[in-house]
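**Q** next comes the sequence, and after it the predicted model I'd like to discuss.
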Amino acid sequence: MKQLIRILLGVGLGTVVVAGSGAPARRARVTLNGDALRANRAVIADDDGRYAFAGLPAGRFTLSASKLGHLAVTYGQRVPGSGRPG
């Protein structure tokens, strides 16, 4: 799966899609963590793969997505064997 995220005025918005097909990853679990957060945050993407995190403080975050039957991914991780970001 791939994901896109934008941070706008303390809100992280994005869409999770299945790599290769570009189909929405319906009901994928999206997790956000970072030093600026007191605890990890998690949401479930809607039927169009969209998700949102509200009330985010300034800082750096790690975004992960997982869905049963698919490999879990972390935003910015490298594609195995390619030497380039996924």
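**A** Done, it's in. Residues are numbered from 1 along each chain as shown.

**Q** OK, contacts around the nearest residue to Lys67 once chain neighbours are set aside?
**A** Nearest non-adjacent residue to Lys67, counting by Cβ to Cβ, 6 or more residues apart in numbering: Ala28, 4.1 Å away. In short, each C-beta sits where N, CA and C put it, glycine included. Applying Cβ atoms under 8 Å, 6 or more residues apart in numbering to Ala28 gives the contacts Met1, Val16, Ile44, Ala45, Gly49, Tyr51, Ala65, Ser66, Lys67, His70.

**Q** rerun at 10 Å
**A** 1, 3, 15-18, 43-46, 49, 51, 65-68, 70, 72-73 (Cβ atoms under 10 Å, 6 or more residues apart in numbering).

**Q** again, but for Asp35
**A** Contacts of Asp35 (Cβ under 10 Å, 6+ apart): Pro57, Gly59, Arg60, Phe61, Thr62.

**Q** so Thr15 is in which element?
**A** strand 11-17 (DSSP states H and E).

**Q** which other helices and strands does that strand contact?
**A** strand 2-8, strand 29-33, strand 50-53, strand 62-66 (3 or more Cβ pairs under 10 Å, 6 or more residues apart in numbering; DSSP states H and E).

**Q** what residues does that strand touch?
**A** 1-7, 23-30, 32, 41, 43, 45-46, 48-56, 61, 63, 65-67, 70, 73, 75.

**Q** list the buried ones in it?
**A** Buried positions in strand 11-17, judged by neighbour count with 16 or more other Cβ atoms under 10 Å: Gly12, Gly14, Thr15, Val16, Val17.

**Q** could you check the pLDDT of the second one?
**A** Okay, so that is Gly14. You'll see Gly14 listed with a pLDDT of 88.

**Q** so what's it bridging to?
**A** With DSSP bridges as the criterion, Gly14 is bridged to Ile5, Tyr51.

**Q** tell me how far it lies from Ala58.
**A** According to Cβ to Cβ, to the nearest Å, Gly14 and Ala58 sit 18 Å apart.
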